[in-house]
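Enquirer: here is the input, now give the coordinates:
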Amino acid sequence: MSTTIRKVKTSDLELKDRVVSIQRVTKVTKGGRTFSFSAIVVVGNEDGIVGYGLGKANEVTTAIAKGIEDAKKNLVRVPIYKGTIPHEQYSKYGGARVFLKPASHGTGVVAGGAMRAVLESVGITDVLAKSKGAANPHNLVKATFKALMEMRDAHTISEIRGIPLNKVFNG
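Expert: As a prediction, the model looks like this:
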């Protein structure tokens, strides 16, 4: 199954950013240790558009700003159906494995750390999510994005198959 990446233009979007993780990294040289920072940031309009980015700099604020700029270049559209996802989805990236399951209205976002930031930035209000394997925030964000980009709503499926919308469910 091929994943179609739906790129989005950044103009006219009200994007909110969430810092998922900040790490202090060290480079050892003959003159001693040099410290810098790495930040992974998720931006979204809470209405189906989301992106993530990585920023690296000598200061935390600069790393976050670079991460936000990188995230704005990688925006994708995710199908949302009544505040939740259209269907169950399993995905993995590196050692991180994620499982997303639609939930009924009022459940809330049942997800941990990095996954919660991504799902809330998309605008999903009710979902059950489970992360298995590695808890590395970089791989967890990428696995969550991979799962969200593989989501397809009923309209997309009817267009791909060339059949009417009512046949998708009764076919």
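
Enquirer: please name the bridge partners of the closest residue to residue 136 other than its chain neighbours.
Expert: Using Cβ to Cβ, 6 or more residues apart in numbering and skipping the chain neighbours, the partner closest in space to residue 136 is residue 96 (6.1 Å). In short, each C-beta sits where N, CA and C put it, glycine included. Judged by DSSP bridges, the bridge partners of residue 96 are residue 93, residue 133.

Enquirer: for residue 96, list the residues it contacts.
Expert: By Cβ atoms under 8 Å, 6 or more residues apart in numbering, the residues touching residue 96 are 131, 133, 134, 135, 136, 139, 140, 142, 143.

Enquirer: which residue ranges of this structure form strands?
Expert: Applying DSSP state E to the chain gives strands spanning 16-29, 32-44, 49-57, 76-77, 89-93, 96-102, 109-110, 127-133.

Enquirer: in this structure, what helix or strand scores lowest on average pLDDT?
Expert: Ranked by mean pLDDT, DSSP states H and E, the weakest helix or strand in the chain is helix 165-170, scoring a mean of 74.

Enquirer: just give me how far that helix sits from the chain centre.
Expert: 29 Å (Cα atoms, centre = their mean, to the nearest Å).

Enquirer: buried sites along that helix?
Expert: Residues residue 168 are the ones in helix 165-170 that count as buried (16 or more other Cβ atoms under 10 Å).

Enquirer: what's it packed up against?
Expert: When contacts are defined as 3 or more Cβ pairs under 8 Å, 6 or more residues apart in numbering; DSSP states H and E, helix 165-170 sits against helix 154-161.

Enquirer: in the chain, where is pLDDT below threshold?
Expert: Residue ranges of the chain with pLDDT under 70: 1-12, 171.

Enquirer: tell me how far the closest residue to residue 26 other than its chain neighbours lies from residue 27.
Expert: Counting by Cβ to Cβ, 6+ apart, residue 26 lies nearest to residue 33, which is 5.2 Å off, once chain neighbours are set aside. Separation of residue 33 from residue 27 (Cβ to Cβ, to the nearest Å): 7 Å.

Enquirer: same question for residue 66.
Expert: Distance from residue 66 to residue 27, by Cβ to Cβ: 17 Å.

Enquirer: out of the two, which sits in the more crowded spot?
Expert: residue 66 (19 against 9; other Cβ atoms under 10 Å).

Enquirer: how about that one: what's its closest non-neighbour residue?
Expert: residue 55 is the one closest to residue 66 (Cβ to Cβ, 6+ apart), at 3.0 Å.
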